[in-house]
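K.L.:
Need coordinates for the following:
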Amino acid sequence: QVQLVESGGGLVQPGGSLGLSCAASGSIFSLDVMGWYRQAPGKERELVAVATSGGSTNYSDSVKGRFTISRDNAKKMVYLRMNSLKPEDTAVYYCNSKARTRTAPWMQNDYWGQGTQVTVSS
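P.N.:
Here you go, the predicted model:
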């Protein structure tokens, strides 16, 4: 299994910045993709940003130019730097990884963290 633990959420004013971190642990063979999703009240979970182990990244249009995803493969960490935050960025942010375990390296599975609340409000 792979465990993901997020940290860094909180309350921030519009226009402010916040950073999220996610640490992966467990019987990890590979973390093929690591990324962030979010879910606002009454809405479906949506992709925010993802990064492959090779360094490719993808962002939702709503956060392009404001958010930056990065990975530290040696530390099995993924980060999300959020700038110019807007009230509509308020949501629970979830860390996700498409990963393979040592016991079943041929199989890629989805793993999720418990989520961290980000609230953008004055």
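
K.L.:
what sits against the residue located most distally from the centre of the chain?
P.N.:
Most distant residue from the mean C-alpha position of the chain: Thr103, 24.8 Å away (CA atoms, centre = their mean). If you count contacts by CB atoms under 8 Å, 6 or more residues apart in numbering, Thr103 has them with Ser27. Using the backbone N, CA and C atoms, a C-beta is placed for each residue, glycine as well.

K.L.:
and the residue nearest to the spatial centre of the chain, helix, strand or coil?
P.N.:
Nearest to the geometric centre of the chain sits Trp36, at 2.4 Å (CA atoms, centre = their mean). Following DSSP: H, G, I helix; E, B strand; the rest coil, the label given to Trp36 is strand.

K.L.:
Give me the secondary structure label for the residue nearest to it when sequence neighbours are not counted.
P.N.:
Leaving out its chain neighbours, the residue that sits closest to Trp36 by CB to CB, 6 or more residues apart in numbering is Val48, at 4.3 Å. Under three-state DSSP, Val48 falls in the strand class.

K.L.:
Check the one 3 residues further on too.
P.N.:
Of the three states, Ala51 takes strand according to three-state DSSP.
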